[in-house]
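# Sequence first, then the predicted structure, then my questions.
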Amino acid sequence: MGALTFISCKKECRCDAVSYESNVENSYSWTETNRLKSDACEADLVSSTFLDSQGNISYVKTMIECE
């Protein structure tokens with residue numbers, strides 16, 4: 001009798017959730033602030049803005065980056 005072969009349908013990917021911040025302290029250049037492994041397998045972007053205690057606007061974005 002023949003051997004059994006199992007094929008996985010789960011997508012293999014190597015992605016990170018990377019957070020960046022742009023504010024008056026870094027001259028509004030995007031600076032990486034955090035990087036974590038992610039189970040997501042597609043590029044994605046979440047962004048927000050907020051004011052600091054002195055009224056300066058800051059921008060934050062988290063991107064899913066994949067190899």
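Structure's in. What do you need? This structure is a prediction, so every number in the text was calculated from the model and none was measured.
# Would you indicate which residues of stretch 22-33 are buried?
Ser22, Asn23 (16 or more other Cβ atoms under 10 Å). C-beta coordinates here come from the backbone N, C-alpha and C atoms, glycine included.
# how close does Ser27 sit to Cys13?
34 Å (Cβ to Cβ, to the nearest Å).
# what about the protein, any weak spots by pLDDT?
Residue ranges of the chain with pLDDT under 70: 1-11.
# could you pull out the strands for it?
Ranges of strands within the chain are 15-22, 31-38, 44-51, 57-66, based on DSSP state E.
# Neighbouring strands of the third one in the sheet, and parallel or not?
Partner strands and pairing direction for strand 44-51 (DSSP bridges) are strand 57-66 (antiparallel).
# quick one: contacts of the strand it pairs with?
Strand 57-66 has contacts (Cβ atoms under 8 Å, 6 or more residues apart in numbering) with 13-24, 28, 30, 38, 40-52.
# Just the CA trace of that strand, in CSV.
C-alpha atoms of strand 57-66 as CSV (Å, rounded to 0.1, in the frame of the first residue of the first chain):
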residue,chain,number,x,y,z
ILE,A,57,1.3,67.0,17.2
SER,A,58,2.8,63.5,17.1
TYR,A,59,2.1,60.8,14.4
VAL,A,60,2.2,57.1,15.1
LYS,A,61,1.9,54.2,12.7
THR,A,62,2.2,50.5,13.0
MET,A,63,2.9,48.6,9.8
ILE,A,64,2.9,44.8,9.1
GLU,A,65,6.2,44.3,7.2
CYS,A,66,6.9,40.9,5.6
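# Name the residues of that strand that are buried.
Ser58, Val60, Thr62, Met63, Ile64.
# Not counting sequence-adjacent ones, nearest residue to the first one?
Residue nearest to Ser58 in three dimensions, not counting chain neighbours: Asn23, with 3.9 Å by Cβ to Cβ, 6 or more residues apart in numbering.
# List the contacts of that neighbour.
Counted by Cβ under 8 Å, 6+ apart, Asn23 has contacts Asp52, Asn56, Ile57, Ser58, Tyr59.
# Same check on Ser38?
Shown in contact with Ser38 (Cβ under 8 Å, 6+ apart): Cys15, Asp16, Ala17, Ile64.
# Great, nothing more from me.
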